[in-house]
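A.B. asks: Mind folding the following:
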Amino acid sequence: PGHGVMTGKRGHRRDPDHNADSGIRGIQFRRIFEKNRDTERGRNSSRERFAVYATWQGACGSKPSEQHKDKVQMFFDPLYFVFMIPGLVFMLWAQSKVKGNYAKYSKVRNSLGVTGAQAARRVLDRQGLNNVQIEQIPGELSDHYDPRSRVLRLSQGVYAVPSIAAIGIAAHEAGHAIQHAKAYTPLTLRTSMVPVVNLGSNFGFMVLFAGLLLQQQGLAWIGVALFALSTVFALMTLPVEFDATRRAKEALVQIGIVDSGVAGGEESKGVARVLDAAAWTYIAGFAASLLTLLYYVMMVMGMRNRD
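C.D. replies: Modelled structure (predicted):
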């Protein structure tokens, strides 16, 4: 829900409810961005209609009359672009950063020739998680950890590939398994929000638009509050992903797959660049959700000022 922050090529795909129930999405570089992008596309047409209507209300203080219908079609709220364009640009930048780093380091073989599956297995075993299974799934960058079945699933480009990118991604997913086993608090809190976040993401905008259409400010604020749940969820995702990345970097050094960066550290730096680039997609998703929320808040506050 809200995410943000994106589906990838067809492979082992999990539906939104599965993702929500699992509470753990993992890296899913391209999937994450493209899912947010597709979601934004789906909402944009509704937001544009909403922006036209809200602008009419701000300019005229009443619903558009029959004689002004043509004017309404031509009148558009410039604030819509002010709030939406920065988020879109941010997401595009994050996507390019992910693609560039993944493309670069997926071609660089790690010195030990360790595959993504082997790296994940070593990270998990060191934490005593021998019961977590590792499976290969079709698709590209569809990697994820499924806590319900306690299975870590790695894409074809990660599972059997001995690249720097592969071991970084696999270790990140193993980090989510470690979070689950240790009941990591931010992950637990985020998972507990899933039911209400699903409700908010499905009905928030509809309630908001109904409030604006009927000139019911209270109803509009309920819609804003429902939508805000998705923004909060996107915010809660950040510490979960950052912590998984931290665990991955530390684990790869501890088990001796990459150096610590003291003597050169080229492999460590490569892993860091891949994982840090992925983190920007989550930040961009949160930023886009926050900007959308602020836009809605301004529209509803405009109703109050007119009253």
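
A.B. asks: show me where the chain has strands.
C.D. replies: 133-137, 144-146, 151-155 (DSSP state E).

A.B. asks: For those strands, which has the smallest mean pLDDT value?
C.D. replies: Looking at the strands of the chain, the lowest mean pLDDT belongs to strand 144-146 (a mean of 92).

A.B. asks: in it, what counts as buried?
C.D. replies: 144-146 (16 or more other Cβ atoms under 10 Å). Just so you know, the C-beta spots here come from the backbone N, C-alpha and C atoms, and that holds for glycine as well.

A.B. asks: With distance to Ala119 added, can I get those residues in TSV?
C.D. replies: Converted to TSV, the buried residues of strand 144-146 look like this (distance: Cβ to Cβ, whole Å):
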residue	distance to Ala119
His144	16
Tyr145	14
Asp146	19
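
A.B. asks: wait, which of the residues you listed is closest to Ile167?
C.D. replies: Ile167 has its nearest neighbour among these in Tyr145, at 15.8 Å by Cβ to Cβ.

A.B. asks: Mind listing the residues bridging to that closest one?
C.D. replies: Leu152 (DSSP bridges).

A.B. asks: does Gly204 really touch Ser230, like I thought?
C.D. replies: Yes: Gly204 is in contact with Ser230 according to Cβ atoms under 8 Å; the separation is 7.1 Å.

A.B. asks: Show the backbone phi and psi for Leu214.
C.D. replies: Main-chain torsions, Leu214, degrees, to the nearest 10: phi -90, psi 0.

A.B. asks: Just the pLDDT at it, thanks.
C.D. replies: With respect to pLDDT, Leu214 scores 88.

A.B. asks: List the contacts of it.
C.D. replies: Applying Cβ atoms under 8 Å, 6 or more residues apart in numbering to Leu214 gives no contacts.

A.B. asks: Against Lys104, how distant is it?
C.D. replies: Separation of Leu214 from Lys104 (Cβ to Cβ, to the nearest Å): 53 Å.

A.B. asks: related to what we said a few turns ago, ok, the buried residues of strand 144-146 vs Ser163, which is closest?
C.D. replies: Closest approach to Ser163 among the buried residues of strand 144-146 (Cβ to Cβ): His144, at 18.9 Å.

A.B. asks: distance of that closest one from Gln216?
C.D. replies: 41 Å.
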